[in-house]
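Visitor: Sequence and predicted model, in that order:
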Amino acid sequence: MAILSTPSPVSSNKRLPLYVFLAIVVWLIAYNLIQPLANWLSFGVLGLATDSRFGESLAFFLYDVPKILLLLSGMVFAISMIRTFFSPERTRTLLGGKREGVGNVFAAMLGIVTPFCSCSAVPLFIGFVESGIPLGVTFSFLIAAPTINEVAVIMLFGLFGWKVAGLYVLSGLVIAIAAGFVIGRLKMERYVEDFVWQIRSSGGQSLDEKLTWDNRIERAWDSVKEIVGKVWLYVVIGIAVGAGIHGYVPESALAGIMGKQAWWSVPAAVLLGIPLYSNAAGIIPIVSALMEKGASLGTALAFMMSVVGLSLPEMIILRRVLKPQLIAVFIGVIAMAIIFTGYLFNIIL
Amino acid sequence: MLTIKVLGSGCANCKRVEQIAHKVVTEMGIEAEVIKVTEYPEIMKYNVLSTPGLVINEKLVSTGRIPTPTEVTTWLANALETA
């Protein structure tokens, strides 16, 4: 396969690294100023009592919104920089010739770092299976890529801390590996739409760009604008609702319905999460507030994974290449894996 | 006469790329035809794994992102030279 290299024509800007350095300094100062500023505004300027419900809600909101938006901007930039070193084309090459098992593990891990948008799920699927990557390995990638996405992980980190974020990434990986492996073992190839097997790409031109550091910085900055521009409103609304719950809902009010004792809460949370997709950014702050009021971590994580990983729009897109039976198996296997993870966390934590 | 193809099944980003292509063509005052390619078998002929893709005179120049108007201008100028 001949690979053409296209030098990106963006002009070189010598000051760019300096700007990045200045941005990091400003970011660090701003991040450390949010807490005192939020308290000063709520309890100083507005003169609300520190133990009042409204004061508590407002201080929570004024602290969390800038914190999450700053975290998102900074970390999306860093993650996008890393992602400029990966591309779906390179991932396909890396996965080529890997056996099932090892392939599933590689595919799930590459799913985290490869730039992916669910709108590209179809060309990616066709390109992977057409190049001979096993169906199950392809699915491991298609489960990991949207589930372990940067917005969800960053927000979990900001609102729950690194342990929960890490647990989410780890269980997302295990689910992607296991579910992909199971789908591969089920030999579902005949439930892929027939036209997929007939496609033969010319194979002539695969894009392999040579990027300079300036290109990488510019692309990372573009992703920050795109991603933060898309989710900021959900973040604000989600945190506003979360702040309301934080101030007004009594402690342990939810222990009965979302606590560990309620065995049915995990499957119920997974079912509820399937139709909710675009609001992933808004749902995490709400779930965070719910956990304060007695919802258990396993149930909460299962809900989030279902919201982010099992999305109706993506299923509709994938229906173009998968027959209904395979879509059903895909949803079923992931849902089972998420429910199992939810129970596991409820038991061990 | 240049042929510009925008590969993608009608997602929001694909429409943006199409708009940018039209805008740059008008600005440069060149003769070019902008074609939307939405069928997957056709898209896959260009060996594209992420959309939107941009093809100028059958050469793939960008995939999986929205190129800037400056980039598109350069690519079109290059294509005019080699055409």
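Guide: Right, received. Where do you want to start?
Visitor: alpha carbons only for contacts and neighbour counts from here, please
Guide: Fine.
Visitor: Select the helix or strand of chain B having the lowest average pLDDT value.
Guide: Using mean pLDDT, DSSP states H and E, the weakest-scoring helix or strand in chain B turns out to be helix B:40-44, at a mean of 88.
Visitor: list the buried ones in that one?
Guide: For helix B:40-44, burial by neighbour count (16 or more other Cα atoms under 10 Å in any protein chain shown) applies to B:40-41, B:43-44.
Visitor: Adding distance to A:F181, write the residues you listed out as a markdown table.
Guide: Listed next are these as a markdown table, based on distance: Cα to Cα, whole Å:
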| residue | distance to A:F181 |
| --- | --- |
| B:Y40 | 27 |
| B:P41 | 27 |
| B:I43 | 29 |
| B:M44 | 26 |
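Visitor: Same list (the residues you listed) but as JSON lines, adding distance to chain A.
Guide: Shown next, in JSON lines, are those (distance: Cα to the nearest Cα, whole Å):
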{"residue": "B:Y40", "distance to chain A": "7"}
{"residue": "B:P41", "distance to chain A": "6"}
{"residue": "B:I43", "distance to chain A": "8"}
{"residue": "B:M44", "distance to chain A": "5"}
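Visitor: I'd like the distance from the helix or strand that comes right after the least confident helix or strand of chain B to the chain centre, please.
Guide: Later in the chain than helix B:40-44, the nearest helix or strand by DSSP states H and E is strand B:53-56. With Cα atoms, centre = their mean, to the nearest Å as the basis, strand B:53-56 stands 3 Å off its chain's centre.
Visitor: Nearest spatial neighbour of A:A335, chain-adjacent residues omitted?
Guide: The shortest distance from A:A335 to any non-neighbouring residue, by Cα to Cα, 6 or more residues apart in numbering or on different chains, is to A:V270 (6.8 Å).
Visitor: To clarify, my last question referred to A:R185.
Guide: A:G136 (7.5 Å).
Visitor: which residues does the one you found contact?
Guide: Listed by Cα atoms under 8 Å, 6 or more residues apart in numbering or on different chains, the contact partners of A:G136 are A:100, A:104, A:180-185.
Visitor: Tell me the spacing between A:L211 and chain B.
Guide: As judged by Cα to the nearest Cα, to the nearest Å, A:L211 and chain B stand 13 Å apart.
Visitor: Of all residues in the chain, which one is nearest the centre?
Guide: Just going to use chain A. A:N149 (2.1 Å; Cα atoms, centre = their mean).
Visitor: oops, I was thinking of chain B
Guide: Taking Cα atoms, centre = their mean, the centroid of chain B lies closest to B:L54, which sits 3.1 Å from it.
Visitor: So it is in contact with B:S62, correct?
Guide: Yes: B:L54 lies in contact with B:S62 (Cα atoms under 8 Å); the separation is 5.2 Å.
Visitor: So which residues make contact with the helix or strand in which A:I24 is found?
Guide: Secondary-structure assignment from DSSP H and E places A:I24 in helix A:16-39. Identification of contacts with helix A:16-39 by Cα under 8 Å, 6+ apart yields A:59-60, A:62-63, A:66-67, A:70, A:74, A:214, A:217.
Visitor: what about the longest helix seen in chain B, near chain A?
Guide: For chain B, the longest helix by residue count, based on DSSP state H, is helix B:12-28. No: using Cα under 8 Å from any Cα of the partner chain, helix B:12-28 stays clear of chain A, with a minimum separation of 9.2 Å.
Visitor: Return the set of buried residues in that helix.
Guide: Under 16+ other Cα under 10 Å, the buried positions of helix B:12-28 are B:13-15, B:17-18, B:20-21, B:24-25.
Visitor: Likewise for stretch A:119-138?
Guide: A:119-131, A:133-138.
Visitor: got it, and stretch A:98-118?
Guide: Buried-residue list, stretch A:98-118, by 16+ other Cα under 10 Å: A:98, A:100-101, A:103-118.
Visitor: on that earlier part again, please identify which helix or strand holds the residue nearest to A:R185.
Guide: helix A:135-147.
Visitor: Off-centre distance for that helix?
Guide: Distance of helix A:135-147 from the chain centroid (Cα atoms, centre = their mean) equals 13 Å.
Visitor: swap in stretch A:247-256?
Guide: With Cα atoms, centre = their mean, you get 28 Å for stretch A:247-256.
Visitor: what about A:D214, neighbour count?
Guide: 17 (other Cα atoms under 10 Å in any protein chain shown).
Visitor: Please apply the same query to A:A30.
Guide: The number of residues near A:A30, taken as other Cα under 10 Å, comes to 15.
Visitor: Could I get the pLDDT score of it?
Guide: We have a pLDDT of 89 for A:A30.
Visitor: again, but for the one 10 residues further on
Guide: In the predicted model, A:W40 carries a pLDDT score of 85.
Visitor: Report back the residue of chain A that's furthest from centre.
Guide: Distance-from-mean max, chain A, by Cα atoms, centre = their mean: A:G47 at 38.9 Å.
Visitor: other SSEs contacting the least confident helix or strand of chain B?
Guide: With contacts taken as 3 or more Cα pairs under 8 Å, 6 or more residues apart in numbering or on different chains; DSSP states H and E, helix B:40-44 sits against helix A:121-130.
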